[in-house]
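[1] Predicted model follows, preceded by the sequence.
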Amino acid sequence: MIQAIAFYLFAGLMIASAVMVIMARNPVHSVLWLILAFFNAAGLMVLVGAEFIAMLLVIVYVGAVAVLFLFVVMMLDIDFAELRAGFIKNFPLGMLIALILFVELFVGIVAWNQGHITLGTADAAAAATGAESNIAAIGALLYGRYLAIFELAGLVLLVAMIGAIVLTHRKRPDGARSHQNITRQVMRRPEDATVMKQPEVGKGVDL
Amino acid sequence: MTEFFQSLGMSYEWAWSVATIAGILLIALPLMLAVAMIIYVDRKVWAAINLRRGPNVVGPFGLLQSFADGLKVFLQETIIPSAANKGIFILAPIVTFTVALAAWAVIPFSAEAVLADINVGLLYILAISSLSVYGIVMSGWASNSKYPFFSAMRSAAQMISYEVSIGFVLICVVLFAGTFNLNDIVRGQEGFGLGVINAYVVHPLLFPMWVVFFISSLAETQRVPFDLTEAESELVAGYQTEYSSMSFALFWLGEYANILLMCMLNALLFWGGWLPPIDWAPLYYIPGIVWLLLKAFFFFFMFSWVMATVPRYRYDQLMRLGWKVFLPMSLIFVAVTSGYLMATGHFGGAAA
C-alpha cells in the first residue's frame, strides 16, 4: 500500500517535472525541473532497494552534471523567439523521432512480456551476491564478473577526458603571462617588494 | 525509540512514524539552538583573538546576542527586488536551509542515537552536501544582480572542485573501515591506534588525509580562507546581497548548520566519533554524545581560529590548491592505502 503510494508519487512527480523541462520558457527553470526529475528517479531507486545507485544518481547527476548544466545555461544569452521560430520546420523530424522511440518502447515491452533474455550463463560469483548488501553486490559484480568491461569503460572515459583537454588546451606564446611560479610568489617577502621613502616637503620620489 | 512508543500500546507502523518525527524534532530543534550559540562562540573567539570584548551586552556575558539578532531579523521587512526571478529567489534560502538540516539524519550521536542507520550513510552525506551548492547558485542567479551572480559562479566552481578531493579522502577512510555506515566506521576506530587510541587519525596514512579533509571542509563550507563567495571587499555580501529578513536568516542558519556538520564529520571519521579518545574502561561511563560534542566543538574552535588568523585566498590559488595539490595527493593516497591494506592482509582471505 504505502509502497504503491510512494511509487506513484515519485513516478508522477518525475513525469510532471520531465514535462516541465521541455515546457518551461526559461532554460534555467528547465534545468531546475530536470534536477527535480533526477531526484524522483533517485526516490524510485530507493523504492526498488537499490540505495547505492540512488545515492550515486544524486551525487553524480544532481551534484556534478546538473550543476555544470546550470552553470552554462545561466551564462548563455538565449533568444527565446529565435528558438521557437524553427518549430514548424522541425516538427516532422521531431514526430519521426517520437515515433521511433514509441515503437522501440512497444517492442521492448512486448519482448519483455515473453520472458527475459539470457546473456551467457550466470557464474558462481554472480549467484552468491543475493544476500549481501547493495554495495558489496555491485562491487563483486563490477570487479569480478564484469572486470574487463568495467576497465574498458574506464579507458573510454579516460580517452574522452584527454580528448577534451587536448581540444581546449591553448599553447600560449612564449613570454606571455601564462605561467605562475608559485614558489617565487610564496618566497616573496615585504622587504623585496616595498621601499620606505621619506621625501622632503615639496620634493617627489624617484622610482 | 520505536519500542518505547510500541510499549505505549501503538501498532508498529504508528510507533515508527511517531518515533521518527520525534527523532527529527530531537535533532533539528537542539541543532537550531546550537547554531545560535555557536555563532556567539564564533564571535567571542574572533574577539578574543583580535583583543576585543565581542558581544557582551544582551544577557549575561552577551549569551543572548544571537537570539536578539534573530528577533531583529524576524521583525524586518522581506524585500524582493522587482527584477528578481521571484519563485527561485524565495526558493533558494529554503533549499539551503533544508539541505543543511537533511544531512543530519544519518549522523550517529552515540551508538544508538541515530535517526537513520543506513548502509550508505557516508554516500548520503556526500549526496546532500553536493546539493548545498544549489541554494547559492539559485540565489545568485535569481537576484538578477551582478555581485550575487559572480558569487554563485565562484561557489559552484569551488564546491565541485573540493568535493572531488573530499570524495577520495572518504574512500581512504572507507577502505580502512570496510563500510559506508557511519556507526560502523566509528566502531572500526575502537582501539585502532596501538590498541589504546580510538581514532583513525593516528595512522600515518590517514593523518595527511585528515589535514586535506579539514582544509577541504573549510572550502566546502566557504569559510575563511576560502570565503571567496562572500568576499566583502569584492562582492558586497556575495549571493546574500539582495536578501533581507528571514530569507537572509535562513542562509545564515544553513551556513552554520553546514559548518557544524563538517565539524561532526571530522570527529566521526577521523577522531573516533562518540568513542572516548582512549580505550580505557572508566571513560566509557561518560555518554558517547558528550565525547562527540566535545570533539566537534574543538573543531569548531579550529574553524574560528583559522577565520581570525588567516587571510583570504586568491581565486586562482584556491583552484590550484584543489585541483593541483589536493586531488593528486588524495588519489595517490587512495592507491597507497589500498596497496598497504592488501599487503597487510586487512581484507582477510576474501580479497585473495
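    That came in fine, so what should we check first?

[2] Quick one: name the residues of chain B near chain A.
    When proximity is defined by C-beta under 8 Å from any C-beta of the partner chain, chain B lies next to chain A at B:85, B:88, B:118-120, B:123-124, B:126-127, B:130-131, B:133-134, B:137-138, B:141, B:149, B:152-153, B:156-157, B:159-160, B:163, B:180, B:316, B:320. Heads up, the C-betas are built off the backbone N, CA and C, glycines and all.

[3] which residue is nearest the centroid of chain A?
    A:V65 (2.4 Å; C-alpha atoms, centre = their mean).

[4] distance of it from chain B?
    10 Å (C-beta to the nearest C-beta, to the nearest Å).

[5] Give me the pLDDT for the closest residue to B:V201 other than its chain neighbours.
    Of all residues not flanking B:V201 in the chain, B:F270 sits nearest, at 4.2 Å (C-beta to C-beta, 6 or more residues apart in numbering or on different chains). On pLDDT, B:F270 comes in at 89.

[6] residues near B:F270, how many?
    Number of residues near B:F270 (other C-beta atoms under 10 Å in any protein chain shown) recorded here: 26.

[7] show me what contacts the residue in chain A that chain B sits nearest to?
    As assessed by C-beta to the nearest C-beta, chain B sits closest to A:G63 within chain A, at 2.8 Å. Going by C-beta atoms under 8 Å, 6 or more residues apart in numbering or on different chains, A:G63 touches B:L126, B:A127, B:S130, B:L131, B:V133, B:E163.

[8] how far does the lengthiest helix in chain A sit from the chain's center?
    Criterion DSSP state H: the longest helix present in chain A is helix A:87-113. Distance of helix A:87-113 from the chain centroid (C-alpha atoms, centre = their mean, to the nearest Å) equals 25 Å.

[9] Show the average pLDDT along it.
    Helix A:87-113 carries an average pLDDT of 86.

[10] B:A308 and B:K44 touch, don't they?
    No: with contacts defined as C-beta atoms under 8 Å, B:A308 does not count as touching B:K44, sitting 10.7 Å away.

[11] neighbour count winner among those two?
    Set side by side, B:A308 and B:K44 show more neighbours around B:K44, with 20 against 15, by other C-beta under 10 Å.

[12] So that one is in contact with B:L63, correct?
    No: in terms of C-beta under 8 Å, B:K44 does not count as a neighbour of B:L63; the distance is 9.8 Å.

[13] what helix or strand is B:N119 on?
    Using DSSP states H and E, B:N119 sits in no helix or strand.

[14] The one 3 residues further on too?
    Counting by DSSP H and E, the secondary-structure element that holds B:L122 is helix B:121-142.

[15] tell me the angle the helix or strand that that helix is followed by makes with helix B:121-142.
    Per DSSP H and E, the first helix or strand lying C-terminal to helix B:121-142 is helix B:146-177. On the basis of axes from the mean of the first three to the mean of the last three C-alpha atoms, to 10 degrees, helix B:146-177 is oriented at 170 degrees to helix B:121-142.

[16] follow-up on the earlier one: list the contacts of the residue nearest to B:V201.
    Counting by C-beta under 8 Å, 6+ apart, B:F270 has contacts B:V173, B:A199, B:Y200, B:V201, B:L206, B:M209, B:W210, B:F213.

[17] at 10 Å what do you get?
    Listed by C-beta atoms under 10 Å, 6 or more residues apart in numbering or on different chains, the contact partners of B:F270 are B:169, B:173, B:185, B:189, B:199-203, B:206-207, B:209-211, B:213-214, B:295, B:299.

[18] Please enumerate the helices of chain A.
    A:2-23, A:27-47, A:51-56, A:66-75, A:80-85, A:87-113, A:124-127, A:134-140, A:147-168, A:182-187, A:190-193.

[19] what does the stretch 251-352 of chain B give?
    Listed in chain order, the helices of the stretch 251-352 of chain B (DSSP state H, counting those that start in this stretch) span B:288-309, B:315-320, B:327-343.

[20] Most tightly packed of these?
    helix B:288-309 (a mean of 18; mean count of other C-beta atoms under 10 Å in any protein chain shown).

[21] That one packs against which elements?
    Counting contacts by 3 or more C-beta pairs under 10 Å, 6 or more residues apart in numbering or on different chains; DSSP states H and E, helix B:288-309 packs against helix B:12-49, helix B:207-220, helix B:245-270.

[22] remind me which residues of chain A are low pLDDT?
    For chain A, the stretches flagged by pLDDT under 70 are A:77-85, A:116-132, A:174-179, A:207.

[23] can you list the weak-confidence ranges in chain B?
    B:1-2, B:347-352.

[24] ok and the residue in it nearest chain A?
    B:S130 (2.8 Å).

[25] nearest to B:E3, of the helices of the stretch 251-352 of chain B?
    B:E3 lies closest to helix B:288-309 among the helices of the stretch 251-352 of chain B, at 19.6 Å (C-beta to C-beta).

[26] chain center to stretch B:120-136, what's the gap?
    Relative to where its chain is centred, stretch B:120-136 has its mean C-alpha point 10 Å off (C-alpha atoms, centre = their mean).

[27] With stretch B:25-42 instead?
    Computed by C-alpha atoms, centre = their mean, the chain-centroid distance of stretch B:25-42 equals 13 Å.

[28] so how many other residues sit close to B:F150?
    B:F150 has 19 nearby residues by other C-beta under 10 Å.

[29] pretty sure B:Y147 contacts B:M153?
    No: B:Y147 lies out of contact with B:M153 (C-beta atoms under 10 Å); the separation is 11.1 Å.

[30] In terms of helices and strands, where is the residue of chain B most remote from its centre?
    Ranked by distance from the centre of chain B (C-alpha atoms, centre = their mean), the top residue is B:G9, with 38.2 Å. Secondary structure from DSSP H and E places B:G9 outside every helix and strand.

[31] measure it to B:S17 for me?
    15 Å (C-beta to C-beta, to the nearest Å).

[32] again, but for A:G115
    40 Å.

[33] repeat for B:Y284
    In terms of C-beta to C-beta, B:Y284 sits 33 Å off from B:S17.
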